[in-house]
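Engineer: what would the 3D arrangement of this be:
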Amino acid sequence: MKSQERSELLAMLARESYFERELTLSSGRASSYYVDCKRTLYLPRGAYLAGELVLELVQAAGVEQIGGMAAGALPVTDAVMAAAHRNGLDVRGFFVRKETKQHGLQQMVEGAFKPGLKTAVIDDTITTGGSSLQAVDAMRVVGGNVVAAIALVERGEGAVEAFARAGLKYSWVFTAEEVRAERAAHPVAG
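Structural biologist: This is a model prediction of the structure:
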């Protein structure tokens, strides 16, 4: 993985996306910290760096399309799509709705999804893998050949085991502990 880009993105995540306070995660678990990757992914340089680094994992997984549950997967999927274009790679992107849309085409899986292609479920931060596995179920219902899971940040709270049980190869750019350590080493004033 490109070390200079990785270091720069880690510093951005620690500065822009890391918060310490008591809250509840989407998994339902309580936590004393939160990594809100969207705060970094919606900055031009953050989106560029995340796209380039996650694209490396997409290539290593050998998948042809990526997507995950809205809204967590949206900015990272979009960043990877832009990186794929810059690098001349043919990768498709899509997202999974929490429930079927009640108008238009009434789809649960939206975007450039194509049945039968090798697919990875993707998310910005993954804790237990629960919402990603819900997305995998929806992808498989419409013909997705889901073989991998990819995260920008892995929290280390059960997703590794959950994805292994589901038969998915799992990879990530950073652990939450790396982001926490970077923040501790470079505290943000105010």
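
Engineer: okay, now the unreliable bits of the protein?
Structural biologist: Along the chain, segments meeting pLDDT under 70 span 100-106, 190.

Engineer: name the SS class of the residue most central in space within the chain, please.
Structural biologist: The centre of the chain sits closest to residue 123, judged by CA atoms, centre = their mean, with a distance of 2.1 Å. The local conformation at residue 123, judged by DSSP: H, G, I helix; E, B strand; the rest coil, is strand.

Engineer: also residue 149?
Structural biologist: Classified using three-state DSSP, residue 149 is strand.

Engineer: over to residue 90?
Structural biologist: coil.

Engineer: for it, which residues are in contact?
Structural biologist: 64, 84 (CB atoms under 8 Å, 6 or more residues apart in numbering). Placement of C-beta: from N, CA and C, glycine included.

Engineer: can you list contacts of whichever helix in the chain runs longest?
Structural biologist: Using DSSP state H, we find that the single longest helix of the chain is helix 44-61. Defining contact as CB under 8 Å, 6+ apart, one finds that helix 44-61 is touched by 1-2, 5-6, 8-9, 12-13, 16, 37, 40-41, 66, 75-76, 78-84, 86-87, 89, 91, 120, 122, 147-148, 150, 152, 169, 171-173.

Engineer: repeat that with 7 Å
Structural biologist: Applying CB atoms under 7 Å, 6 or more residues apart in numbering, the contact partners of helix 44-61 are 1-2, 5-6, 8-9, 12, 40-41, 66, 75-76, 79-80, 82-84, 87, 91, 120, 148, 150, 152, 169, 171, 173.

Engineer: please narrow these to those residing in helices.
Structural biologist: Among the contacts of helix 44-61, the members that lie in helices (by DSSP H) are 5-6, 8-9, 12, 40-41, 75-76, 79-80, 82-84.

Engineer: what subset of these is buried?
Structural biologist: 6, 8-9, 12, 40-41, 75-76, 79-80, 82-84 (16 or more other CB atoms under 10 Å).

Engineer: ok, the closest residue to residue 81 other than its chain neighbours - contacts?
Structural biologist: Leaving out its chain neighbours, the residue that sits closest to residue 81 by CB to CB, 6 or more residues apart in numbering is residue 93, at 4.5 Å. By CB under 7 Å, 6+ apart, residue 93 lies in contact with 65-67, 77, 80-81, 111-112.

Engineer: swap in residue 123?
Structural biologist: Residue 123 neighbours (CB under 7 Å, 6+ apart): 68-69, 72-73, 76, 132, 151.

Engineer: from those, which land in helices?
Structural biologist: 73, 76, 132.

Engineer: okay, these in JSON lines with distance to residue 162 next?
Structural biologist: Formatted as JSON lines, those follow (distance: CB to CB, whole Å):
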{"residue": "73", "distance to residue 162": "17"}
{"residue": "76", "distance to residue 162": "19"}
{"residue": "132", "distance to residue 162": "8"}
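
Engineer: closest one of those to residue 27?
Structural biologist: residue 132 (10.6 Å; CB to CB).

Engineer: quick one, what contacts that closest one?
Structural biologist: 68-69, 121, 123, 126, 149.
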